[in-house]
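Undergrad: this is a predicted model, with the sequence first.
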Amino acid sequence: MKPVMVVHGGAWAIPDAFAEASVAGVKAAARAGNAVLKIGGSALDAVEAAVRIMEDDPVFDAGHGAVLNTDGEVELDAIIMEGKTLAAGAVSSVRNIANPVSLARAVMEKTPHVMLTDRGANQFAESIGISMLPTDALVTEEERREWEHCKKYVVGVKELFNSQWGHDTVGAVALDSMGNVACATSTGGIRNKMVGRVGDSPIIGSGGYADNKSGAVSCTGHGESILKVTLARLILFHMDQGRTASEAAEHSLQYMGERVQGGGGVIVVSPTGDWTATFTTERMAWAAVDEDVLSYGLNPKDKFTETVN
Amino acid sequence: MLPVVVVHGGAGHIPKDRAELSCAGVREAARGGYAVFKTGGSAMDAVVEAVTIMENNPAYNAGRGSVLNVKGGVEMDALVMDGRTLASGAVSAVRRVANPIQLARMVMEKTSHLCLTAEGASQFARAMGVPEVEEESLITDYSRMRWKKNLHPDANPVESQMGKMGTVGAVAVDAEGNVACATSTGGMINKMEGRVGDTPCVGCGGYADNQTGAVSPTGHGEAIMKVTLSRLILFHMEQGKSPEEASDMALTYMKERVSGLGGVVVVDPKGTWAARFSSLQMSWAAAQQGQLHYGLYHGEDFTEPI
């Protein structure tokens, strides 16, 4: 089986000022994930590695660089899932953790549960020796300024999302040489969200899903809309019925737009290596590695390529 | 055929003395939900009323009577969904509210969000003027006894949870053909603090879509999540399966793929309903056309006039 790695850095109207850094960030993440697959690593290891790179990159709304809630604090959501056994792990509204995706993986591997939230998630992190960061460590100056600007105006989440304001959940899907698929998604959510707001990212079937029988998906976009249509699972149901990754993604995003007026983007890989990066927002930063070719894009119909080496 | 409301009081294996309480409670909840239609209430009003009745009944693992987490505290999850617009509201790991299902409905109706968790959900409850109750008022002697019993190092919380799960839920279709679902739970006995199960996750702990139907499940939460049970059943119905066929297919799949047991109540927009389970028992009741149907073991369908 030829391995495939696909990542996204969020679907929204990415301003030109962030464009270059976003594209560089997803390319670096795709390369890192691909490097894991190249040495025989699992799809699960690959998606975790790729998402960690983007969590550490302050240009993305995940880990370092996450948006602030209405109290000016960072609360993070993440999910990871592997397609062989349907095992999954998730955290919601966790604080002071640099890499929520790795904490989600620990929930999957070290507890009998799938999801831990809020203080309970932090207590678990502490119990397994994941260090807590000082409260401001994940906050960038840029985000603090944006948040202060945002606080001056009372606007709903949907208005926020449809404007130029930041929303760049990150995610990855992979297929490894053993034919296993996996997905991971991580986010700081929506700027100025209510304390304790949980979006689609940590919810299984919405923010992501992975099943060796159908494929793996990671979603980004308007979280509440993604939840209402359980977007990740919907795409895989379409693939179960014989649609290609790209047809299933387009069909499902179109449905989400029509039924609940939500925009978003997805990355998908099938168990045979058919993959896509599809979005209905203005832009989505994405990158993929398939047979040593790195493809990437930002605007609709973009597909630039270069060799990995 | 319309309107109809179907409720469950949890799938599992219930001791005999508890079983009688559980069977009486689901009948009361189905009657309560059905009565809402008489006064012009919607499917959403009916499912919230039915679940509120069961949250207030200490026989169930929801609201008062919830199981305790490993630290002896009560953290509850709840979800509602409206099939007209796919609007949905959820709370996870919320403490010190009597009726999480009503708080979930407020998240749907009064915020731009879909799910609020833990302390944030409590803050929202305070902002909405929802009274904060003493944690002690949600705890029963029975839940405390089971918590203590399961603190022993050789106890197996997963196994004991299979013994009595007790999540509650309801699905309904109103006279206009709108469907809705509601599910509420205290979760898994002796769960880790902050554990969130299937209940507040859209597509797992419930789903409602006027184009297909509505589902509320109960059972092993982590297994339900892995197969997104509610959405899976509705996908089978979209492919032409009846509520009963779709439920049986999905429950069989859950058992084979992730070794999980559970049960579901399901309706389609025409009012065809099913109450199916792979566990030994599930207490359920359905109210339709002036008749109350109910049962606990496989194959049971007792009826009495409402």
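TA: Good, I have the coordinates. Residues are numbered from 1 along each chain as shown, chains lettered A, B, ... in the order given.
Undergrad: in contact with the residue nearest in space to the middle of chain A, which residues?
TA: Residue closest to the mean C-alpha point of chain A, counted by CA atoms, centre = their mean, is residue A:171 at 2.6 Å. Contacts for residue A:171 (CB atoms under 8 Å, 6 or more residues apart in numbering or on different chains) come out as A:7-8, A:51, A:183-186, A:207-208, A:218-220, A:267. The C-beta positions use only the backbone N, C-alpha and C, and glycine is treated the same way.
Undergrad: out of those, which is nearest to residue B:50?
TA: Taking CB to CB as the measure, residue B:50 sits nearest to residue A:207 out of the contacts of residue A:171, at 30.1 Å.
Undergrad: quick check: the closest one touching residue A:79?
TA: Yes - between residue A:207 and residue A:79 there is a contact under CB atoms under 8 Å: 5.2 Å.
Undergrad: helices of chain B, residue ranges please.
TA: With DSSP state H as the criterion, chain B has helices at B:16-38, B:43-56, B:100-110, B:118-127, B:141-149, B:157-163, B:221-226, B:229-238, B:243-258.
Undergrad: so which of residue A:207 and residue A:79 has more stuff around it?
TA: Remark: of residue A:207 and residue A:79, residue A:79 carries more neighbours, 37 against 33, as counted by other CB atoms under 10 Å in any protein chain shown.
Undergrad: which parts of the stretch 101-250 of chain A sit against chain B?
TA: Those residues of the stretch 101-250 of chain A that sit near chain B, judged by CB under 8 Å from any CB of the partner chain, are A:111-121, A:123-124, A:156-158, A:193-199, A:203-206, A:209, A:223-224, A:227-230, A:233-234, A:237.
Undergrad: report the buried members of those residues.
TA: A:111, A:113-121, A:124, A:157-158, A:193-199, A:203-206, A:209, A:223-224, A:227-230, A:233-234, A:237 (16 or more other CB atoms under 10 Å in any protein chain shown).
Undergrad: max pairwise distance over the contacts of residue A:171: which two?
TA: Farthest pair in these (CB to CB) is A:7 and A:207. Separation: 14.6 Å.
Undergrad: tell me which helix or strand in the chain has the weakest average pLDDT.
TA: Going with chain A. Least confident helix or strand of chain A, by mean pLDDT, DSSP states H and E, is helix A:157-162 with a mean of 48.
Undergrad: please go with chain B instead
TA: helix B:157-163 (a mean of 50).
Undergrad: can you count the residues close to residue B:270?
TA: Applying other CB under 10 Å, we find 13 residues neighbouring residue B:270.
Undergrad: ok, residue A:201 - contacts?
TA: Counted by CB under 8 Å, 6+ apart, residue A:201 has contacts A:77-79, A:169, A:185-187, A:189, A:207-208, A:219, A:223.
Undergrad: go again using 6 Å as the cut-off
TA: A:77, A:169, A:185, A:187, A:207 (CB atoms under 6 Å, 6 or more residues apart in numbering or on different chains).
Undergrad: one more: residue A:86?
TA: With contact taken as CB under 6 Å, 6+ apart, residue A:86 is in contact with B:226, B:258.
Undergrad: restricted to helices, list the buried ones among the residues of the stretch 101-250 of chain A next to chain B.
TA: Members of these lying in helices (criterion: DSSP H): A:118-121, A:124, A:157-158, A:223-224, A:227-228, A:233-234, A:237.
Undergrad: closest to chain B among those residues?
TA: Chain B has its nearest neighbour among those in residue A:120, at 1.5 Å by CB to the nearest CB.
Undergrad: ok, that closest one touching residue B:194?
TA: Yes - in this structure, residue A:120 is within contact of residue B:194 by CB atoms under 6 Å, at 1.5 Å.
Undergrad: tell me, what's touching residue A:207 and residue A:79 both at once?
TA: residue A:185.
Undergrad: one step back: of the helices of chain B, which is nearest chain A?
TA: Closest approach to chain A among these (CB to the nearest CB): helix B:118-127, 1.5 Å.
Undergrad: pLDDT averaged over that closest one - what is it?
TA: Averaged over helix B:118-127, pLDDT sits at 96.
Undergrad: repeat that for stretch B:45-64.
TA: 97.
Undergrad: residue A:184 should be in a helix, yeah?
TA: No - looking at residue A:184 with DSSP: H, G, I helix; E, B strand; the rest coil, it is strand, so not inside a helix.
Undergrad: how many residues are close by residue B:17?
TA: Per other CB under 10 Å, the neighbour tally for residue B:17 reads 8.
Undergrad: revised request: answer the last question for residue B:31.
TA: 17.
Undergrad: residue contacts, it?
TA: Contacts of residue B:31 by CB under 6 Å, 6+ apart: none found.
Undergrad: in the sheet, who's paired with residue A:218?
TA: When bridges are called by DSSP bridges, residue A:218 pairs up with residue A:208, residue A:267.
Undergrad: verify the stated contact: residue A:295 with residue A:305.
TA: Yes - counting by CB under 6 Å, residue A:295 does reach residue A:305; the two are 4.9 Å apart.
Undergrad: the more surrounded of those two?
TA: Shown here are residue A:295 and residue A:305; by other CB under 10 Å, residue A:295 has more neighbours (19 against 11).
Undergrad: is residue A:249 in contact with residue A:267, as I believe?
TA: No - at 8.4 Å, residue A:249 does not count as touching residue A:267 under the criterion of CB under 6 Å.
Undergrad: out of those two, which sits in the more crowded spot?
TA: A count of neighbours by other CB under 10 Å puts residue A:267 above the other of residue A:249 and residue A:267, at 32 against 28.
Undergrad: isn't that one up against residue A:6?
TA: Yes - at 4.4 Å, residue A:267 and residue A:6 qualify as touching, with contact defined as CB under 6 Å.
Undergrad: what do these two both touch?
TA: residue A:173.
Undergrad: ok, residue 64 - contacts?
TA: If you meant another chain, say so; for now it's chain A. Taking CB under 6 Å, 6+ apart as the criterion, residue A:64 is in contact with A:56, A:58, A:138.
Undergrad: chain B, not that one
TA: Shown in contact with residue B:64 (CB under 6 Å, 6+ apart): B:58, B:138.
Undergrad: where's it relative to residue B:31, distance?
TA: Distance check for residue B:64 against residue B:31: by CB to CB, to the nearest Å, it reads 20 Å.
Undergrad: run a quick neighbour tally on the residue nearest to residue B:290 when sequence neighbours are not counted.
TA: Using CB to CB, 6 or more residues apart in numbering or on different chains and skipping the chain neighbours, the partner closest in space to residue B:290 is residue B:306 (5.4 Å). For residue B:306, the neighbour count with other CB under 10 Å is 14.
Undergrad: ok, now residue B:244?
TA: Here the count is done by other CB under 10 Å, and residue B:244 has 14 residues near it.
Undergrad: what's the pLDDT at the residue nearest to it when sequence neighbours are not counted?
TA: Nearest non-adjacent residue to residue B:244, counting by CB to CB, 6+ apart: residue B:274, 4.1 Å away. Note for residue B:274: predicted pLDDT of 98.
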